[in-house]
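In: Sharing a sequence plus its predicted fold:
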Amino acid sequence: MQFYIIDAFTDQPFGGNPAGVVLLDSDSFPEEGLMLKIAAELRYSETAFVKSHSAQEFTIRYFTPKAEVDLCGHATIASFFLLHHNKWASGRCLCHTKAGDLHIEVGEKVMMQMAKPRIVTSIDETEAIYQALGAKGYRPTLPVQIVYAGLPDIMIPLPDVATLQTLQPDMQAVSEITKQLEAISFHVFAFDNDGYTAHVRDFAPLYDIPEESATGTANASLTHYLQQCGCLGDEAECAFIQGEAMGRPSVVATRIQADGNIFVGGNASIVAEGDLKIG
């Protein structure tokens, strides 16, 4: 098996969000325990295991160092950037995942169609959430909601970018709340008049990811959330900047269409490659 380290949502190495990508040369996936060990060895928030069916059809499974997840946006962008770079994929491709079948546009950028987004629930009692973030006492003007676009994430507004960038969350409390609410992460955002749709941070300590520098699925959810809140029109293109507090700035592009479908994407940069020596 060949493995790669790829930074997604950036065109420069050591920026964006790093992912492991493993290209499989067999017709079946390795045993789950082995894939989990590989993900733990690579130590990135997610590692994608890619199986090719043809030049336009692939299956991907995603593992954090602790567990398998149904979908990972940045690892998908990294995977299809690699497939295009190796001239194994181009044009419109089909990607089978546990979150459903996704259409991927592969070209100058990789744009990924997300699962049909929906609002899962609104959270009325928000005091514990803001206390866990270190923003105790803030009363949001926009709702706090769990939104699904492949994974359930909690959309959490903050008053300004300065507050966002200086957060010091209680990771144990964040983990307990996300587990209780059956969500993946706290996806926290704030607006600024600087050309970006929003500045965002994402905390998923329940899955051994204290903070992520770019999250495709959560920003797809944020795009749907902002449209439902009246912040976007029926059709819109967004640019979310993430990872600033980590020193790994990423720009996540999203596109929402009149039919409600959302595409997420960007560029990527290959940092390293090698062979896995197993057995």
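Out: Now that the structure is in, tell me what you want to look at.
In: Using CSV, write out every CA atom in stretch 119-128.
Out: Output of stretch 119-128 as CSV, limited to C-alpha atoms (Å, rounded to 0.1, in the frame of the first residue of the first chain):
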residue,chain,number,x,y,z
ILE,A,119,-31.0,21.1,10.3
VAL,A,120,-31.0,18.3,12.9
THR,A,121,-32.2,20.3,15.9
SER,A,122,-32.0,23.7,17.6
ILE,A,123,-30.4,23.9,21.0
ASP,A,124,-32.2,26.2,23.4
GLU,A,125,-30.0,25.8,26.4
THR,A,126,-26.6,27.2,25.3
GLU,A,127,-25.0,28.3,28.6
ALA,A,128,-23.0,25.1,29.0
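In: roughly how far apart are the spatially most central residue of the chain and residue 73?
Out: In the chain, the centroid-proximal residue (CA atoms, centre = their mean) is residue 215; its distance is 2.5 Å. Distance of residue 215 to residue 73, computed by CB to CB, to the nearest Å: 6 Å. Where C-beta positions appear, they are placed from N, C-alpha and C, glycine not excepted.
In: Likewise for residue 128?
Out: Per CB to CB, residue 128 is found 27 Å from residue 73.
In: With residue 145 instead?
Out: In terms of CB to CB, residue 145 sits 19 Å off from residue 73.
In: still on that earlier bit, which of residue 128 and residue 73 has more residues huddled nearby?
Out: Using other CB atoms under 10 Å as the criterion, residue 128 and residue 73 rank with residue 73 on top: 31 against 14.
In: Any stretches of the stretch 151-279 of the chain with poor pLDDT?
Out: 279 (pLDDT under 70).
In: one more time with 90, if that's ok
Out: Counting by pLDDT under 90, the stretch 151-279 of the chain shows low-confidence ranges at 151, 207-209, 214-217, 248, 277-279.
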